[in-house]
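# Provided below are the primary sequence and the corresponding predicted coordinates.
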Amino acid sequence: MLTRLLITFLIPLFSFVARAQVRSLKAIRINQPVKIDGNLNDAAWENIEPIGDFIATSPVFGKASSRITKVKIVYDNTAIYVGAYMYENPQRIRKQLTARDALDRQDTDIFTVGFDTYHDKQNAFVFRVSPANVQSDIKLSQSGNVYDHGWDAVWESKTSIQRDGWIAEIKIPFSAIRFSKKALQDWGLNFARFSRSENENSVLSPIDPNISGELNQWGIWEGLLDITPPTRLSFLPYLSGGFRVSPTAKGNVTEFLRSGGMDVKYGVSESFTLDMTLIPDFAQVQSDNVFLNLSPFQVKFDDYRPFFTEGTELFNKAGLFYSRRIGDVPGLSNDILYTYGDRADYQIIKNPGITRLYNATKFSGRTKGNLGIGVFNALSAPMYAKIRNLTNGSDSSILTEPLTNYNILVFDQALKNRSSISFTNTNVLRKGNSRNANVSSVDLALFDKKNNHNFTFSGRYSNIWGKLENKQGFTTVAGYGKVSGIIQYNGLVSIESDQYDPNDLGFISNNNSVEFNGNISYNMNRPTRYFLNHRFRVGVNNNYLYKPFEWAGFKVNTSAFFLFKNFWDVSINFESSPFWNKDYFVHTNKYTGYFLRRTPYYYLGINGSSDSRKKLFVSWKIGAAESPLPNDPYWTGNAGLRYRFNDRLQLSTSLNIEQDRGNWGWAYKTNADGSPVIARRNVKTNTAIVSGQYNFTSRMNLNIRMRHYWSYLENTNFYNVNPDGYWRDTAFFANENLNFNTFNVDLFFTWDFLPGSRLTLAWKNALGSSVRIDPYANTNYVKNFGRVIDNPHSNEITLKIVYFLDYLKLKKKK
C-alpha cells in the first residue's frame with residue numbers, strides 16, 4: 001500500500017521536474033543545403049530525429065502542451081535550417097494575414113525559434129512565422145526583458161497547411177545574426193508554439209513566469225563546430241519623391257519632395273556591425289499622437305524611424321538616448337512662426353519643420369569576453385528659414401538650427417548570473433558653441449546565484465557649457481528587490497540635483513527631486529477556481545525637492561489583475577494622494593520659490609477586455625476621482641472595438657472621453673513680483689481613433705489610421721498664490737478659453753517585393769497648424785468636428801522604394 005502511494009506521488013513529481021529542467025540538443029551539421037519549400041520531404045531531413053514534448057507556459061504553466069509539435073534543426077557552412085510540424089485539426093488552424101512584425105494579439109498561430117548565440121543568457125535573436133508565412137523578428141536584451149521589434153533581418157521561410165497540421169520551414173543565414181569565432185560553440189536555444197484556438201503558448205524548455213528573466217531558462221544547442229562568420233555586407237539604396245500642400249494665412253504652399261540615399265550594413269568582424277545611413281529620409285512615419293500639454297514639461301513621443309529603433313538596445317540601456325532629439329524640429333522654427341506668421345509686411349518662404357541629417361552611424365557588437373561596445377554618431381545639417389520682406393522684396397535667411405554633432409559611447413560587460421556593469425557617455429556639440437552637452441553614466445545590475453534578488457545602482461553626471469549656459473549636475477539611483485517567486489518586492493531611492501540635465505540627447509521631464517519608491521506584489525500564475533492567473537500590487541511614492549530640501553508629496557497606488565477562464569480580463573486600480581501636496585513646478589520646470597498646494601484626491605478605475613480570439617473584440621475603461629474641494633470631480637471612460645471580417649480585413653475604433661472640473665494650473669500669466677497666476681479650469685477631452693488593415697498577401701498590405709483629438713478648456717476661476725502655497729481670488733480674465741484640435745489621417749501601402757526590399761506609398765492628411773477654432777461658438781463635439789473638417793488641411797503624398805543588395809549574393813552571381 002505504501003509503495004503504491006509513493007509511486008502515485010513520485011511519478012507526476014518526476015515528470016514535472018523533468019519538464020522543468022533545461023533541455024539540451026546536439027547540433028547536427030549537414031553537407032547539403034535544405035530546399036525551403038514548406039515541406040519536410042527534403043533528403044536533408046530524412047535522418048534527423050525530431051524533438052518535441054513542449055511544455056505550456058500560458059495560460060497554465062507546467063502542463064504538457066495540448067498540441068503535438070515536432071521540430072528538426074540542422075546547420076551547414078552558411079545557415080541554420082529549422083523544420084517544424086505543428087499537429088492540429090486544419091479547421092482549427094488560425095492563419096490571419098498581418099503586416100510584418102504584427103503577429104501579436106492577432107488571429108493567428110505562431111511558430112518561434114530563438115538563439116542566444118553568446119550563451120550569456122542576456123541577448124538573443126528571435127524568428128517567428130505564422131501559417132500564412134508572415135514573418136516577425138525580434139532582438140532580445142537584458143535577459144529577455146527588452147524587445148527590439150524594429151530589428152529586421154533578411155531570412156527565408158515557407159509554410160504549408162497539411163491534413164493534420166501545418167509546417168514551417170525556415171532558413172536563417174549566418175549573416176543575419178552575430179556570434180563568436182570559436183571553433184566549438186554552445187548556444188542558448190528555445191522553440192515556441194502559440195496555438196490561437198486554445199490561447200496556449202508552449203515551449204521546448206519551460207519558462208516559469210514566477211522566475212525573473214526568460215533567456216536564463218532557455219535550453220542549450222550543443223556542439224556547433226567550425227562555423228565561420230561570413231562577410232556581412234549589404235546595401236539599402238532608396239529613392240523617394242512626392243509633394244506636400246500646406247495651408248497658410250496667405251493661401252496654400254506646395255512643396256515638391258525628392259530625396260535619395262543609402263543605408264549600409266557591414267560586419268566589421270564576426271561580432272561587430274557598422275550601420276550607416278547617408279542622407280536619410282524619415283518622411284514616411286506615423287503621425288505623432290499630439291495632445292494639449294498644460295504642464296510646463298516637455299512631451300515625449302515615440303520614434304518610428306527604423307534606423308533609430310533597430311539595434312539600439314545597447315545605446316538605450318542607461319536611458320540616456322531619446323532618439324527624437326536627432327532630426328527634431330529646429331529650435332527657432334516656432335519663433336519664426338510667431339514673429340512673422342501674422343505680419344502683413346512679411347512672408348515666410350521656407351521654414352523647415354524637421355532638421356535634416358547628413359548621416360548617422362552605429363557601430364556595435366560583443367567581444368568573446370562578452371563586452372558589449374557601442375558607438376553612435378549623427379551629424380545634422382544647419383537649417384535656415386527664408387523670410388521675404390513684402391515692402392522692398394528682399395529675402396533673408398535666419399539660422400533656426402546650427403550644425404550639430406551627436407555622439408554616444410557604451411561599454412556593457414555581461415557578468416555571471418545575468419548581472420552586468422555598463423558605462424555610457426553621450427555628447428552633443430553645436431557649431432558656434434551656443435550650447436554643448438556631455439553626460440556620463442555608470443550602471444550596475446547584480447543578481448544572486450538563485451536569481452531571487454537583484455541590486456541596481458546608477459550614477460550619472462551631466463555637464464552643459466557654451467555661450468548660453470554653463471552648469472553641472474548629477475543623479476544617483478539605488479534599488480534592491482526580490483524578483484522571483486509568488487511574492488516580489490522592490491525598493492528604490494533616486495536623487496536628481498537641480499542642475500542635472502541630459503535633455504540634449506536624453507529625456508527627463510524635470511530634475512531637482514529626491515524620491516523614495518517601494519512596491520510589493522503577489523503573482524499567482526497557476527489557475528484557481530475562477531481565474532487562470534491573477535496578481536495584486538501595492539506601491540508607495542514619497543518625494544522631496546532636492547534644493548532646497550522640502551517635502552513635496554506622497555502617493556499610494558494599488559492594482560489587481562484577473563484573467564478569467566474564458567479569457568476575459570479585468571483590472572482594478574486605486575490611487576490616492578491623501579495629503580495636501582506641494583507643486584514646485586506649477587509654471588516652470590525650474591524651482592523659483594513659488595509653489596501651489598495640490599488638493600488630496602482619490603481615484604478608482606476599472607478596465608477590461610473580452611476574448612481577443614473572437615471576431616468582435618471589446619475593451620473598456622471607467623474611472624473617477626474626487627477631492628475635498630467642492631465641484632471638483634474627474635471622470636474618464638474608454639470604449640474600444642475591433643472587428644475581424646476575415647483573414648485579410650479588420651477594422652478598429654476607440655473613443656476616450658475625459659472631464660476634469662478641477663484642473664488647476666498656470667494661466668500663462670505672471671504678476672509683477674514674478675508669482676504665477678493660477679487658473680482653475682473645466683477641461684473636456686475626447687480622443688477618437690479609427691484604423692483599418694487589409695492584407696493582400698503576407699508581403700503586401702494597406703493600413704489606414706485616423707485620429708481626432710479635441711480638448712476644450714473653460715476657465716472658471718483665477719487666483720494668485722500665497723507664500724504658503726494656498727491661493728486667493730484675483731480678477732477674472734475674459735476670452736481665455738481654449739479649443740485645441742489635432743486631426744490626422746495616415747495611409748500606407750506597403751509591398752515587400754523581394755527579401756529586404758520594400759515599396760511604400762504614403763498619404764498623410766493633417767489639420768493645418770495655423771487653424772484656430774472658436775472656443776465659444778463650438779462647445780459640443782459634433783459642431784466642433786464639423787469645423788475641423790471644414791478648415792484647410794495639409795496633404796502629403798510620397799512614394800519610396802528601398803532595394804536590398806547583399807554582397808554574398810552578388811559575389812555568388814558573379
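Cool, got the structure.

# run through the stretch 201-350 of the chain and note the low-pLDDT ranges.
Counting by pLDDT under 70, the stretch 201-350 of the chain has low-confidence residues at 249-250, 281-284.

# what ranges does it have for its helices?
Here the stretch 201-350 of the chain has its helices, by DSSP state H, counting those that start in this stretch, at 306-309, 333-340.

# want to throw the ones you listed into CSV with mean neighbour count?
In short, each C-beta sits where N, CA and C put it, glycine included. Below are the helices of the stretch 201-350 of the chain laid out as CSV (neighbours: other C-beta atoms under 10 Å):
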stretch, mean neighbour count
helix 306-309, 21
helix 333-340, 16
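
# which one, of those, ends up nearest to residue 536?
helix 306-309 (34.0 Å; C-beta to C-beta).

# now the closest one, how far from the centre of its chain.
11 Å (C-alpha atoms, centre = their mean, to the nearest Å).

# for that helix, packing partners?
Helix 306-309 sits against strand 357-366, with contacts defined as 3 or more C-beta pairs under 8 Å, 6 or more residues apart in numbering; DSSP states H and E.

# tell me which other helices or strands the strand it packs on touches.
Using 3+ C-beta pairs under 8 Å, 6+ apart: strand 357-366 touches strand 272-278, helix 306-309, strand 371-380.

# again, only using 7 Å
strand 272-278, strand 371-380 (3 or more C-beta pairs under 7 Å, 6 or more residues apart in numbering; DSSP states H and E).

# would you mind giving those as JSON lines with distance to residue 229 and mean neighbour count added?
Formatted as JSON lines, the helices and strands packed on strand 357-366 follow (distance: least, C-beta to C-beta, whole Å; neighbours: other C-beta atoms under 10 Å):
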{"stretch": "strand 272-278", "distance to residue 229": "10", "mean neighbour count": "18"}
{"stretch": "strand 371-380", "distance to residue 229": "17", "mean neighbour count": "20"}
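
# dump the ones you listed into TSV; add distance to residue 511 as well.
Listed next are those as TSV, based on distance: least, C-beta to C-beta, whole Å:
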stretch	distance to residue 511
strand 272-278	32
strand 371-380	24
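
# torsion angles phi and psi at residue 90?
Dihedral pair for residue 90: phi -50, psi -30, per degrees, to the nearest 10.

# how about the closest residue to it other than its chain neighbours, secondary structure?
What sits nearest to residue 90 in space, not counting adjacent residues and going by C-beta to C-beta, 6 or more residues apart in numbering, is residue 161, at 5.9 Å. The local conformation at residue 161, judged by DSSP: H, G, I helix; E, B strand; the rest coil, is strand.

# I'd like the distance between residue 161 and residue 650.
Using C-beta to C-beta, to the nearest Å, residue 161 is found at 21 Å from residue 650.

# more crowded one of the two?
Set residue 161 next to residue 650 and count neighbours by other C-beta atoms under 10 Å: residue 650 wins out with 22 against 14.

# quick one on the thing from earlier: closest one to residue 673 among the helices of the stretch 201-350 of the chain?
Comparing these against residue 673 with C-beta to C-beta, the closest turns out to be helix 333-340 (26.3 Å).

# residues in contact with the closest one?
Residues from elsewhere that reach helix 333-340, judged by C-beta atoms under 7 Å, 6 or more residues apart in numbering: 346, 348, 351, 352, 353, 385, 387, 398, 400.

# so where's the chain shaky on pLDDT?
1-22, 249-250, 281-284, 768-770, 813-814.

# center of it, which residue is that?
Nearest to the geometric centre of the chain sits residue 302, at 6.7 Å (C-alpha atoms, centre = their mean).
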